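In: any chance you can model this:
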Amino acid sequence: MRKLCTLVLCFLMAVSQLLAQTNTVTGKVVDDKGAPVPSATILEKGTKNGVSAGSDGAFTIKVKAGATLVITAIGFASQQVKASSNIAISLVADNASLEEVVVTGYGTQIKKDVTGNIAKIKGKDIENMPTPSVDAALQGRAAGVYVNTQSGKLGQAVSVRIRGNSSISAGNQPLYVLDGVPITTNSQSSYGGATNPLVDLNPNDIENIEILKDASAGAIYGARAANGVVLITTKKGKSGKTSISVNFQSGNSQSSRRVPFLNSTQYAELLLEGANYIDDFYGTPYNDPTSETVYAKDWMDYYSFGKWSKDTAKTYEWQDVVFQKGQYNQVDLQLSGGNDKTKFFLSGQYLNQKGIIIGNQLERISARLNLDHKATSWLNLGLTMNIARTLNNRLPDDNAFSNPLQSVALMPMTPSIDPNTGLPAGTPPGDVNIPMYYNPLITVNYADYNDESFRNFSNGYATINLAKGLVFQSDFGLDILSQNEEGYFQSETVRNQTRAGRGLGTNRSTFITNYNTNNYFNYKTSFKRHDISATLGMQYQQSKGKASFVEGTDFPSNSYQKIASAATISDGGSTENNFRFLSYFFRSNYKFDDKYLVSVSGRIDGSSRFGSNIRYGFFPSVSAGWIISKENFFKKIESVSFLKLRASYGIVGNAEIGNFPQLGLLTGSSSYSGVGGQTPSQIGNPDLKWEINKQVDLGLDFGLFNNRITGEIDYYYRKSQDLLLNVNIPTSTGFNSVVKNLGTMENKGFEFVLNTQNLIGKLKWSTSFNFSANQNKILNINGQVIEGGVGSLNRAMEGQPLGVFFTVQYAGVNPVNGDAQFYKNSTNSDGSLDKTILSNSQYNQAQRVVVGDPNPDFIAGITNNFSYKNFDLSFLFNGVFGNQVSVYGMGQYSMANMIYEDNQTADQMNRWRKPGDVTNVPQARYWFGNGNQRSSRFIVDGSFVRLRNVTFGYNLPQSILKHAKLERLRFYVSATNLFTFTNKYPLWDPEVNADSFDSNISKGNDFYTPPQPRTILVGLNIGF
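Out: Numbers count the residues shown, from 1 in each chain. Now for the predicted structure:
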């Protein structure tokens, strides 16, 4: 009994002590204006004990004595308070996004004070994506920035347009500035289409990317800002403990789509049907030895390596031959740290990527060192240095027979391997005339073309604190590109390379040195209600490029593949070019009473590219902003936490006009009888200058519900003037044309950005959405019509967007006789178009009209980020809408109802067969054109929505990591191009542009172009 009483007494004492250690806390959460904050989370620090505030902001929670409460709410900065019996908590709006620092070019600004349009993309948003180049990683992440990766080939050029096209013949790509140095981004390749020099830069080294979109933001870059400016800032070290991060990624890629083609039975049915039509037309019996039907059967027998039979026919799927499972492997190592005097960031990366097309592979090794050192109280020194080696096993251009994807045109009964030799069909000693066209497997097995580049991005700087608020910075940067392209084509490739009978070797070397120095003052001061900042400086840049080329033939054997072993040096040459810029710039920002903003900037650019009569140009801008939410009359509107109206006007230029268009040139290659000679090759124009771009931007920045919702709305108008065009001149001058400044083009558009914090607490969810629409129109090109080139249906013409598809309009199929039909579209006396329907035989009477536009009507992107405890999920959709794509390049052969022997896409089985059939595919007519002519039949909808990236990760809890002495251990799975939704796009990928005839005008063409890879990888990130 005594023991029982003792136990009860102990229990009661324990309960009383527990109750004594637990306090009940009541309180209320309000904002800085006294309004309740419903659903605020009140959490006892260091525990999972928490409650949510009611609709009136009130809460009750039981906590341990002496506990600290952590209060969080969407749109507010978190706050910690000591627990007491009854407390009132006032939360302050979270203005972190508004107080964010953005790089503006030669300086920085607080985001809420910016009066131009600058889009910021954080490096963490694009790191560890299986995308080798930074420009491709920008897709869907910034309003007004249209990125088209164009091809699934590794290392290929990427098209980036910021607020539309600004030029017809000059550059349309933005200026890229890496840590203050304008870098080389033009392709230096001579084989297989344009490449992307940005592949040499490791995206995981990037801290932030700022995109200067309007003239106010870009005018400080003057004659080079018409296409926008992309400022790339790499990571820097932070004082404190050295942080070590190791990241491993590995995964596989495959084609995002396969195009259905005819099998052997379907092919024979369509081919014989087409041949029967010809025999019927000429009255030839099908079994006549001279008939097309017999010829077609013999054709199938020959290319089947035997007697073709419908009952025993095999189908060889050439897509299975040329598509392969790609591989992606990447290892990253990053170290950062330092102290108050010296900070460092060191990184290294190894990337090895095997493409989804046989023969395509990319390897990159890169290293970076960034140093910042405080030498004295007034002097800071720094260095950024990156070295990279990139090796790209190239593929031929899309229009080459050796392009592996062109093999889909081969007959489906033809095997890729010769059954008699075991070698790729068409390889000696087998029958070199089989397959029907060249077998790309021969090039894959018996040829190599490698592009190896070494790159050095470096910049050293010194900043001197001259006086309070006055800083002088001087930096010197360089971008060195050394590229070597080496190819060897063995004798087996002679059918495609006619001069490779005894081997053909090529070697091309390019060396570009790009030097840059910036010297400028930055000044900041504040007094009373005034804030002033100013920048004044100069820049000098010089770039020199040298290239040499040599070709040799007649090698002793395929064991000798260097030019030194060639018996004949069959070709060669060398070139050199250069350009220089000398610039002076200024910018001044003024803020009054923290709500009225004015900014002016300007730049004087002189360049060797401009004519001798007009070496220098001045590019000014002015902008203003009004933070309306700071006004007393607006403070009563509690739901609007931030509202800023801004407007800007500026003039910028486009100096990407080539290095020598202003000069009269002579060519020294006009030798005669062994004596050197020269001839005039270009007439000069001393008045030639940059293209001008005048821009207006009206914008509204807003924040709602304590900045839980933030966004931007912009309208812009930009007019390009003095476009470079070839103008006819009297032939008495000895020339047909001269380059002059006289064209005009406009772009106008709308942009909308919305960022929301949907949920906080244990489950966090945020969304970022951007939408933009742009309308482009050529206003004046002196009445000229400029075609897009061979194989292209594009055209530049007044009154239309750049690069519209201009061809005959298809009118479908005549249900009576299976004829392809076309609209006449001649102009009537009242200006209307004659919509008379013409038959297939009357095709030449049909007039060409605008039938499509490769430029999208609008683009959009949406990113969602979720996190719950140690799990995180993010996904990005991007969409392109309202653009058309021309599939004529491939369609005239493989979507042409069997005019030739090319294999056809499976939809050609829907052809017209008998009177009354209603279809859009004309009757099969072997060798007779029936709808294969250039027409809108081959202009298709290029709109798509793509799940660009999705990543799911898990972070091991700290309770586990501390035993392993780790700071972070994260597992993740990531996928790119996982799903693509189109409006029945007929080929592989609507995000396309054939590299065979790519230009400013010729866009939106699909010509056996490889699709984007669908990549799925797993990753491990370890932090020490």
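
In: where exactly do the helices run in the chain?
Out: 2-21, 215-218, 264-282, 292-303, 318-322, 440-446, 888-894, 958-961 (DSSP state H).

In: N360 and T24, how far apart?
Out: 68 Å (Cβ to Cβ, to the nearest Å). In this view, the C-beta of every residue, glycine as well, is placed from N, C-alpha and C.

In: swap in V51?
Out: 12 Å.

In: name the residues contacting each of the two.
Out: With contacts taken as Cβ atoms under 8 Å, 6 or more residues apart in numbering, V51 and T24 have 60-61 as neighbours in common.

In: among the helices of the chain, which is the most enclosed?
Out: Ranked by mean neighbour count, these are led by helix 215-218 with a mean of 32 (mean count of other Cβ atoms under 10 Å).

In: quick one: mean pLDDT over that helix.
Out: Mean per-residue pLDDT for helix 215-218: 93.

In: what packs against that helix?
Out: strand 616-627, strand 640-654, strand 691-704 (3 or more Cβ pairs under 8 Å, 6 or more residues apart in numbering; DSSP states H and E).

In: make it 7 Å
Out: Contact analysis of helix 215-218 by 3 or more Cβ pairs under 7 Å, 6 or more residues apart in numbering; DSSP states H and E lists strand 616-627, strand 640-654 as its packing neighbours.

In: can you redo those strands as TSV with distance to Y191 and mean pLDDT?
Out: Below are these laid out as TSV (distance: least, Cβ to Cβ, whole Å; pLDDT from 0 to 100):
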stretch	distance to Y191	mean pLDDT
strand 616-627	37	97
strand 640-654	28	96
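
In: in JSON lines: these, plus distance to E100.
Out: Shown next, in JSON lines, are those (distance: least, Cβ to Cβ, whole Å):
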{"stretch": "strand 616-627", "distance to E100": "16"}
{"stretch": "strand 640-654", "distance to E100": "13"}
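
In: dump the helices of the chain into a markdown table; add distance to F875 as well.
Out: Formatted as a markdown table, the helices of the chain follow (distance: least, Cβ to Cβ, whole Å):
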| stretch | distance to F875 |
| --- | --- |
| helix 2-21 | 46 |
| helix 215-218 | 30 |
| helix 264-282 | 39 |
| helix 292-303 | 47 |
| helix 318-322 | 29 |
| helix 440-446 | 36 |
| helix 888-894 | 32 |
| helix 958-961 | 27 |
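
In: can you check which of the ones you listed gets nearest to L379?
Out: Across the helices of the chain, L379 has its closest neighbour in helix 215-218 (30.4 Å, Cβ to Cβ).

In: looking at V51 and T24, which is more packed in?
Out: Under the criterion of other Cβ atoms under 10 Å, the comparison of V51 against T24 puts V51 first, with 15 against 11.

In: so for this structure, the centremost residue is which one?
Out: The centroid of the chain falls nearest to A136 when counting by Cα atoms, centre = their mean (3.2 Å).

In: check the gap between that residue and D200 for me.
Out: Distance from A136 to D200, by Cβ to Cβ: 14 Å.

In: for the helices of the chain, which one sits closest to G916?
Out: Per Cβ to Cβ, nearest to G916 of the helices of the chain: helix 264-282, 17.3 Å.

In: tilt between that closest one and helix 292-303?
Out: Calculated by axes from the mean of the first three to the mean of the last three Cα atoms, to 10 degrees, helix 264-282 forms an angle of 150 degrees with helix 292-303.

In: once you drop chain neighbours, what's closest to N204?
Out: Spatially, and ignoring its direct neighbours in sequence, N204 is nearest to E127 (4.9 Å; Cβ to Cβ, 6 or more residues apart in numbering).

In: and that neighbour, how many residues sit next to it?
Out: Quick note: E127 (other Cβ under 10 Å) scores 17 neighbours.

In: what sits against G653?
Out: G653 makes contacts with 222-223, 226, 605, 617, 619, 690-693, as judged by Cβ atoms under 7 Å, 6 or more residues apart in numbering.

In: same list, the residues you listed, but as JSON lines with distance to V70 and neighbour count please.
Out: Formatted as JSON lines, these follow (distance: Cβ to Cβ, whole Å; neighbours: other Cβ atoms under 10 Å):
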{"residue": "G222", "distance to V70": "50", "neighbour count": "30"}
{"residue": "A223", "distance to V70": "53", "neighbour count": "30"}
{"residue": "A226", "distance to V70": "50", "neighbour count": "33"}
{"residue": "D605", "distance to V70": "54", "neighbour count": "26"}
{"residue": "G617", "distance to V70": "57", "neighbour count": "20"}
{"residue": "F619", "distance to V70": "51", "neighbour count": "28"}
{"residue": "W690", "distance to V70": "57", "neighbour count": "26"}
{"residue": "E691", "distance to V70": "56", "neighbour count": "26"}
{"residue": "I692", "distance to V70": "56", "neighbour count": "21"}
{"residue": "N693", "distance to V70": "51", "neighbour count": "27"}
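
In: export those as CSV, with columns for distance to N558.
Out: Converted to CSV, those look like this (distance: Cβ to Cβ, whole Å):
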residue, distance to N558
G222, 54
A223, 51
A226, 50
D605, 53
G617, 55
F619, 57
W690, 51
E691, 50
I692, 55
N693, 53
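
In: T525: neighbour count?
Out: The number of residues near T525, taken as other Cβ under 10 Å, comes to 12.

In: what of the one 4 residues further on?
Out: Counted with other Cβ under 10 Å, the burial measure for R529 works out to 11 neighbours.

In: that one touches F592, doesn't it?
Out: Yes: contact criterion Cβ atoms under 7 Å: R529 and F592 qualify, at 5.9 Å.

In: ok, back up a step: among the helices of the chain, which comes closest to Q249?
Out: Of all those, helix 958-961 comes closest under Cβ to Cβ, at 20.8 Å.

In: contacts for that closest one, please.
Out: Against helix 958-961 from outside (Cβ under 7 Å, 6+ apart): 967, 969.

In: for it, what does the pLDDT average out to?
Out: Mean predicted lDDT for helix 958-961 stands at 86.

In: how far is that helix from where the chain is centred?
Out: 39 Å (Cα atoms, centre = their mean, to the nearest Å).

In: returning to that earlier point: surely the residue nearest to the centre of the chain touches V158?
Out: Yes: contact criterion Cβ under 7 Å: A136 and V158 qualify, at 5.1 Å.

In: overlap of the contact sets of the two?
Out: Each of 147, 149 lies in contact with both A136 and V158 under the rule Cβ under 7 Å, 6+ apart.

In: now stretch 997-1014: how far from the chain's centre is it?
Out: Worked out by Cα atoms, centre = their mean, stretch 997-1014 lies 13 Å from the chain centre.

In: nope, stretch 330-339 is what I meant
Out: That offset, for stretch 330-339, works out to 27 Å (Cα atoms, centre = their mean).

In: cool, stretch 1010-1024 as well?
Out: 18 Å.

In: next: stretch 922-931.
Out: 39 Å.

In: buried sites along that stretch?
Out: Buried residues in stretch 922-931, counted by 16 or more other Cβ atoms under 10 Å: 922-926, 928-931.

In: and which of the residues you listed is nearest K644?
Out: Closest to K644, out of all of the buried residues of stretch 922-931 and judged by Cβ to Cβ, is G931, at 56.5 Å.

In: quick check, pLDDT for the closest residue to S377 other than its chain neighbours.
Out: Nearest non-adjacent residue to S377, counting by Cβ to Cβ, 6+ apart: N465, 7.5 Å away. N465 is assigned a pLDDT of 95 by the prediction.

In: any idea how far N465 is from N370?
Out: Distance from N465 to N370, by Cβ to Cβ: 21 Å.

In: more neighbours: which of the two?
Out: N370 (23 against 14).

In: tell me the contacts of that one?
Out: Contacts of N370 (Cβ under 7 Å, 6+ apart): 234-237, 344-345, 384.
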